[in-house]
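[1] any chance you could fold what I've pasted below:
(4 chains)
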Number of protein chains: 2
Amino acid sequence: MSPNEGRPPTQAERSRSRREQILDAAFHTFTRRGYRDTVMDEIAAAADTSKGGVYFHFPTKEAIFRELVRTTANRLAAKVEQAVAEHTDPIARADAALRTVLATFAGHRTMARLLFVDAMGAGRVFNAETNALHDRFAGMIASYLDEAVSAGAIPPIDTALSGVAWFGALNEVVARWLLVDEAPPLETAYPTLRALLLRSVGVDEARIADDSAGSVP
Amino acid sequence: MSPNEGRPPTQAERSRSRREQILDAAFHTFTRRGYRDTVMDEIAAAADTSKGGVYFHFPTKEAIFRELVRTTANRLAAKVEQAVAEHTDPIARADAALRTVLATFAGHRTMARLLFVDAMGAGRVFNAETNALHDRFAGMIASYLDEAVSAGAIPPIDTALSGVAWFGALNEVVARWLLVDEAPPLETAYPTLRALLLRSVGVDEARIADDSAGSVP
DNA sequence: ATGCACATACCGACTGCTCGGTCGGTATCG
DNA sequence: CGATACCGACCGAGCAGTCGGTATGTGCAT
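    Numbering: from 1, shown residues only, chains lettered A, B, ... in the order given. As a prediction, the model looks like this:
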């Protein structure tokens, strides 16, 4: 563990933990109320501090939101890349990516909400951000598809557009799941979505039926 | 034409045209600035009237927006249904729907923006609205897919989820096109997207290659 | 240890501004 | 003379961000 155990925490430590606390509170508030409808006093209250306290650690509301989106996206991307790295077969890799995203979102509704609902609802200022975010994930998918193409697993296609379409399909399924009240578990959509997407890029029917899926933690 | 030509317009006529004028102005302002960033004074100015004038014809900002979304969605749905009605073959019908949406959006960037970008950015209040809108179009797609299934043109699949996925893919492609500055014409995406989507629901490769597409006005 | 000087962390009343909506008034039409 | 259409100054609520203040460390000299 850390080198010092039952010791009064230093100022820097307390400061960092306070920061995290505020970030956490902001995350929850943003995901519940959306960016624009979240009031700084609410974040402060949820973080058991005051508005002044929040503004001591962060310069603006926007900065908090940006940091949250960035780190959340990073976390997800890391998870996906890790899952993908466990496979070498290109189709299995694409498949792993899909499965990981779905599983992650299924486990953390709020995470998905922040990335895909609020990021849109945050207003035009964030369009560049959102755009980059979507590009990033669509690009990830496209690169896996590229691998699959050059490995001869699927016929040559417009992988960029396919990446966008895959992402869009995924996004919509997740978004629908987020917005509907009595939502059936997201994982139930996986087999169908998997088949749909793999078919769309011309994967063999035989390969699609072969469900050699590993489990996701 | 209308029964009376070079005659001073009646009060009711002027009122209606003023209403349209305001609706038009609101449409353009909403699509340029987004719902939240649009100010009533801006709408009034764009409509060559005053805030009071706007509020004479509409009770709230929200009412204007709702009406715009509703009528815009109706117009699009009508176009699609009309295009679909010209075909009997289920695949051709689904195809026509896709083509129409793409062509319509290509011709009216702003229309797409209102329906799919602003409707999300309008805040949580409109979630129900947006949800219903997405459901409506996903449902339309699903019903065409259902036809295709019962006609034996494609294997039995989860058409509801496929509709959602199709719509999501379409939506994302359009959204990307809307947000990128140097956008290549949207129609260039059509052949690829068509192939992608049709393949995803198991249409024969032969049928996909057969591009018996009619033209869209 | 004790006192002191300074920094860090935090507080909450207040400010300044934005913006949806109102209201008393005016003009034009029928 | 209504009624309908329109005007724009004004109201008031909401809210991001500020600022003067307090309290709690932290380093250092005595």
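[2] tell me which helix or strand comes right after the worst-scoring helix or strand of chain A on mean pLDDT.
    Ranking every helix and strand in chain A by mean pLDDT, DSSP states H and E puts helix A:119-121 at the bottom, with a mean of 63. Counting by DSSP states H and E, the next helix or strand C-terminal to helix A:119-121 is helix A:127-150.
[3] per-residue pLDDT, the one residue in chain A that gets nearest to DNA strand C?
    Residue nearest to DNA strand C within chain A: A:Gly52 (2.2 Å; Cβ to the nearest atom of the strand). To be clear about C-beta, it is placed using only N, CA and C from the backbone, and glycine gets the same treatment. With respect to pLDDT, A:Gly52 has a value of 96.
[4] for it, pull up the helix or strand it's in.
    Counting by DSSP H and E, the element that carries A:Gly52 is helix A:51-57.
[5] and that helix, what's buried?
    A:Val54, A:His57 (16 or more other Cβ atoms under 10 Å in any protein chain shown).
[6] contact residues of chain A facing DNA strand D?
    Those residues of chain A that sit near DNA strand D, judged by Cβ under 7 Å from any atom of the strand, are A:10-11, A:37-41, A:51-52, A:55, A:59-62.
[7] ranking the residues you listed by neighbours, who comes first?
    A:Thr38 (21 neighbours; other Cβ atoms under 10 Å in any protein chain shown).
[8] how about that one, secondary structure?
    Look at A:Thr38: counting by DSSP: H, G, I helix; E, B strand; the rest coil, its state is coil.
[9] likewise A:Gly202?
    A:Gly202 is classified as coil under three-state DSSP.
[10] so who does it touch?
    A:Ile154, A:Pro155, A:Ile157, B:Arg199 (Cβ atoms under 8 Å, 6 or more residues apart in numbering or on different chains).
[11] repeat that for 10 Å
    Contacts for A:Gly202 (Cβ atoms under 10 Å, 6 or more residues apart in numbering or on different chains) come out as A:Ala148, A:Val149, A:Ala153, A:Ile154, A:Pro155, A:Pro156, A:Ile157, A:Ser162, B:Ala195, B:Leu196, B:Arg199, B:Glu205.
[12] domain ranges for chain A?
    Here the domain parsing of chain A from automatic domain parsing is A:10-58, A:62-209.
[13] what's the burial count for the residue lying closest to A:Ala151 once chain neighbours are set aside?
    Nearest residue to A:Ala151, sequence neighbours excluded (Cβ to Cβ, 6 or more residues apart in numbering or on different chains): A:Pro90, at 4.7 Å. A:Pro90 has 20 neighbouring residues, counting by other Cβ under 10 Å.
[14] OK, contacts around A:Met40?
    Contacts of A:Met40 by Cβ under 10 Å, 6+ apart are A:Ala26, A:Thr29, A:Ser50, A:Lys51, A:Val54, A:Tyr55, A:Phe58, A:Thr60, A:Lys61, A:Ile64.
[15] rerun at 6 Å
    A:Lys51 (Cβ atoms under 6 Å, 6 or more residues apart in numbering or on different chains).
[16] go on, A:Pro156?
    A:Pro156 neighbours (Cβ under 6 Å, 6+ apart): A:Val149.
[17] for it, give me the pLDDT.
    Per the predicted model, pLDDT is 95 at A:Pro156.
[18] for it, which three-state class applies?
    coil.
[19] for chain B, see how far away it is.
    12 Å (Cβ to the nearest Cβ, to the nearest Å).
[20] for A:Ile43, same thing?
    17 Å.
[21] nearest residue to that residue other than its sequence neighbours?
    A:Ala26 is the one closest to A:Ile43 (Cβ to Cβ, 6+ apart), at 4.8 Å.
[22] tell me the residues of chain A that contact DNA strand C?
    Counting by Cβ under 7 Å from any atom of the strand, chain A sits next to DNA strand C at A:11-12, A:14-15, A:18, A:44, A:49-53, A:55-57.
[23] one more time with 6 Å, if that's ok
    Applying Cβ under 6 Å from any atom of the strand, we find that chain A lies next to DNA strand C at A:Gln11, A:Ala12, A:Ser15, A:Arg18, A:Thr49, A:Ser50, A:Lys51, A:Gly52, A:Gly53, A:Phe56.
[24] and the first one, what's its pLDDT?
    The one in question is A:Gln11. On the pLDDT scale, A:Gln11 gets 73.
[25] residue contacts, it?
    Listed by Cβ under 6 Å, 6+ apart, A:Gln11 has no contact partners.
[26] what separates A:Arg93 from A:Ala151, distance-wise?
    10 Å (Cβ to Cβ, to the nearest Å).
[27] look at these two and report which has more neighbours.
    A:Arg93 (22 against 13).
[28] tell me the secondary structure at that one.
    Assigned state for A:Arg93: helix (three-state reduction, three-state DSSP).
[29] ok, residues contacting stretch A:53-62?
    A:Arg19, A:Ile22, A:Ile43, A:Ala44, A:Ile64.
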